[in-house]
Every structure is written in structure tokens, then in C-alpha cells.
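> Here is my input, please return the structure:
(chains A and B)
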Amino acid sequence: MSFHKLPNYVRTYRKKSGFSQDELAFLVGAKTGAKVCRYERFARGPSLRAVLAFEAVFEIPAREIFAGIYRQIERDVHDRSVILIRRLTIAGRGYLTARKLELLRTICARTATRPTQRP
Amino acid sequence: MKRLSPEICRILAIDPTTCGFGFVVLEGQMSLVDWGVKRAKRDKNAKCLAKVLDLIRQYQPTVIVFEDCSGRESRRHERIKEFLEEVKNLATNNKIKTRKVSRHTLKKTFASERASSRYEIATVIAKRLPDLAPLLPPRRQPWMSEDARMHIFNAAAMVLALISPATASQQMAN
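Here you go, the predicted structure:
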């Protein structure tokens, strides 16, 4: 049995850095700490600006701060890659198609090794 | 005692206080996810249990660790014993494994590092988990009551006692 990653680790990194929710909210450009609290309780998804702001504050890659969300997206991309491989294989051959297939197979190989993320 | 393999677990450890409980959440190779003290006034067991349920819902732990108070030498209050029994039932209802750690096991685990008192064990924990170091309270004097933050260290100590010694020494090396 394996555990799945949490949607985000904002609370973990905030506590490690010693910031309060209000201070972190100020840093990422939110009005109050309530928004940070909602991120920490997984009650709200982050905007792109918020994700990049968290990365800038903690100096940790966004895919580590939002590990669970990243894994889910990675899995979805994997599933769509499989579908696209099938479509391209049926469509025909050519230099460009071969390049696309190579890239898609790399994506599939990379994500297949990771544990499945529970919804 | 059956040891835990931390790389496949998210562990929630709870240590009750007189007015709430201290907790830590760890996952993977002993990385801290969350820690703190939850407080409750009046009808403490029901309120604390609600807070434990919140933690379970948020972190979905694979294992819940708490103190084994069943021993004859345990001086824990009846309320605390009832609370821990309720936590066990809550875990069972949510299909989560539970592990109990006695004070005796804790002392035995940390004896090799010459830590026997709560404060000495907390000092060892602060070295192993540096994120907790700022929370280490001053050594308790006879006229002082115990700092609530000490229960965070007690909770962490129970988890360290449960993981394999190899992992613990690897954590020390890192």
C-alpha cells in the first residue's frame, strides 16, 4: 500500500519558514490570511499567479509545493498522450509524426513509473 | 513491536494534554507535513475528537499513533484513556491502522542516545527534525507546569520509536 501526495504542501512550507497566514497572504498578494487558509485546507485551487508567488517565496519548485495537483495533472497528460499516440499511429507516418510519437512515448514512460494518484 | 516502514505511510501521531492534544503528521522518509497543538475547553473529549476527525479528513493518514495507556504503570487520567479509546474507534471506523507506543518503549528507544526524561527525548527529536527545534520549550522547573509544545515532541517521539532503526539512523546522517 502506498500513500498519495496531498494536493498541496503550503502549510508545511509556511510553518517551516515561520510565516503566519497573514504574512504569507501579504507576500503572495492576497488581501487576508483567509485565502491562504483555504489553500491550506485544500478548499480552494490556486491561481497561476498564486502558484508562482508561492514558488518565489519558498524557493521550492511549484510541482513540489502542489505535489498532489501536479501528480493528478501529470496522470491526465499521460492518459491523453496514450490517446494521441493511437490517433497519430492511425493517421500515418512521416518525420514530424515520428518526432511527436517519440515525445509522447517519453511522457508515457516518465509517468508510468509513478504511483497512481487517488482522486 | 512491529515497525513501520515510513516510505509507504503518512503517519498522524497524537499526544493528549490536559486541555487538548499535540500532533505531528509525517510522510515519506520522515518528512514533517504538519505539527501543532489543538486546544479544547469544556467537553474536551468530544471537541478533541472532532479536531482529530478534521486532521484525518485533511491528511488521510495510513496510520494513527498514540500512547499505550493500558499498562499498570500508566498514570494517565481516565478522561485521556477514554479519549484514546475513542480515537482508536474513530480510526477503525475510517479504516485506518492504529499503533500504540508505551512510555517504556519510548524510554528504551532513546536510551541509546542517553535520553530518558521527556526534555532529553525532545532535544533528540529537535536534532532529528530541525523544523521542530524552534518549538523546543525551556527545561521545565519544579514550579512550572508542562509546556503544551512538549506534546508535539512526545507525538514525534512515538513515531520515531515505531520506524525502523535503519531509517532513523539514515535520517540522522541527512
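> Only C-alpha atoms from now on, for both contacts and neighbour counts.
Fine.
> helix or strand for the most centrally placed residue in chain B, which one?
Centre of chain B computed as the mean C-alpha position; nearest residue by Cα atoms, centre = their mean is residue B:155, 1.5 Å away. Assigned by DSSP states H and E, residue B:155 belongs to helix B:150-162.
> what does chain B put close to chain A?
Residues of chain B that fall close to chain A, judged by Cα under 8 Å from any Cα of the partner chain: B:8, B:9, B:10, B:32, B:33, B:34, B:58, B:59, B:62, B:131.
> quick one: least confident of the residues you listed?
Across the residues of chain B next to chain A, the bottom pLDDT score, 69, is held by residue B:8.
> how many neighbours does residue A:76 have?
12 (other Cα atoms under 10 Å in any protein chain shown).
> Now the element after the host helix or strand of it, going C-ward?
Using DSSP H and E, residue A:76 falls within helix A:67-91. Next along the chain after helix A:67-91, taking DSSP H and E as the criterion, comes helix A:95-112.
> re earlier: could you list every helix and strand in contact with the helix holding residue B:155?
strand B:10-17, strand B:20-27, strand B:31-39, strand B:63-67, strand B:97-101, helix B:103-110, helix B:118-128 (3 or more Cα pairs under 8 Å, 6 or more residues apart in numbering or on different chains; DSSP states H and E).
> how about a cut-off of 7 Å?
strand B:10-17, strand B:20-27, strand B:31-39, helix B:103-110, helix B:118-128 (3 or more Cα pairs under 7 Å, 6 or more residues apart in numbering or on different chains; DSSP states H and E).
> So which bits of the helix holding residue A:76 are buried?
Buried positions in helix A:67-91, judged by neighbour count with 16 or more other Cα atoms under 10 Å in any protein chain shown: A:67, A:68, A:69, A:70, A:71, A:72, A:74, A:75, A:77, A:78, A:81, A:85.
> what's the answer for stretch B:115-134, then?
Result for stretch B:115-134 [16+ other Cα under 10 Å]: buried residues B:115-116, B:118-119, B:121-126, B:128-129, B:131-133.
> of all those, which comes closest to residue B:79?
Set against residue B:79, the nearest of the buried residues of stretch B:115-134 by Cα to Cα is residue B:118 (21.7 Å).
> do you know how far the closest one is from residue B:56?
Relative to residue B:56, residue B:118 is positioned 27 Å away (Cα to Cα, to the nearest Å).
> next one: residue A:67
19 Å.
> ok, now residue A:58?
26 Å.
> more neighbours, the two?
residue B:56 (19 against 15).
> what's the more buried one in contact with, if anything?
When contacts are counted by Cα atoms under 7 Å, 6 or more residues apart in numbering or on different chains, residue B:56 touches no other residue.
> in which helix or strand would I find it?
Using DSSP H and E, residue B:56 falls in helix B:44-59.
> Alright, I will stop here.
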